[in-house]
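# Sequence and predicted structure are below.
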Amino acid sequence: MATAKEETKETLLSKLGADNIEALAKKIWLAGLGAYGRSFDEVQNRYEKANADSQKFFEELVKRGEKLQDDAESRLKDGRTTLEGRIEKLKKYATFSSNNEMNEKIDDVNRKLDVISRDLKKKAS
């Protein structure tokens with residue numbers, strides 16, 4: 001006894017005929033092939049877009065890195081200049097204290113203090 005599915009298949013096959021079945025099978029095959037081709041094209045398009053985006057992203061990172069490096073070098077140069085200036089001031093100060101000019105200034109201050117001290121003693125007496 002044939003089931004309803006089997007009867008439907010047999011009825012369909014007898015109505016279509018051998019040529020129509022072959023044409024239908026070929027269309028099914030071509031539809032599958034077309035789906036594969038479409039999927040392949042979509043994957044390829046996504047790959048190309050991702051590749052272009054990643055290249056753009058990489059270039060942006062390179063530009064950002066160059067800017068950061070330039071900023072760092074500029075700050076380092078400014079810091080070095082400031083530090084060198086401070087070192088020069090310290091050198092001058094260190095040599096100034098052993099210099100005759102410093103001794104002369106100290107002597108001058110001592111003389112002025114002596115004069116002030118004598119004047120105060122005179123006024124106090």
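Happy to help now that I have it. What you see is a predicted model, and the numbers here were worked out from it, not measured in a lab.

# okay, CA-based contacts and neighbour counts for the rest of this
Fine.

# So which residues of this protein form helices?
Remark: helices of the chain, listed N- to C-terminal, are 4-97, 100-124; assignment by DSSP state H.

# mind listing what's buried in the shortest one?
Pointing back at helix 100-124 there. Applying a neighbour-count criterion of 16 or more other C-alpha atoms under 10 Å, one finds nothing buried in helix 100-124.

# That helix vs helix 4-97, what angle?
For helix 100-124 and helix 4-97, the angle between their directions (axes from the mean of the first three to the mean of the last three C-alpha atoms, to 10 degrees) works out to 60 degrees.

# roughly how far out does helix 100-124 sit from the chain middle?
Remark: helix 100-124 is offset 65 Å from the chain centroid, using C-alpha atoms, centre = their mean, to the nearest Å.

# pLDDT on that helix, on average?
Confidence over helix 100-124 (mean pLDDT, whole number) is 82.

# before we move on, what about stretch 45-56?
Computed over stretch 45-56, the mean pLDDT rounds to 87.

# For it, what is the distance to the chain centroid?
On C-alpha atoms, centre = their mean, the centre of stretch 45-56 falls 20 Å from that of its chain.

# Thanks a lot, see you next time.
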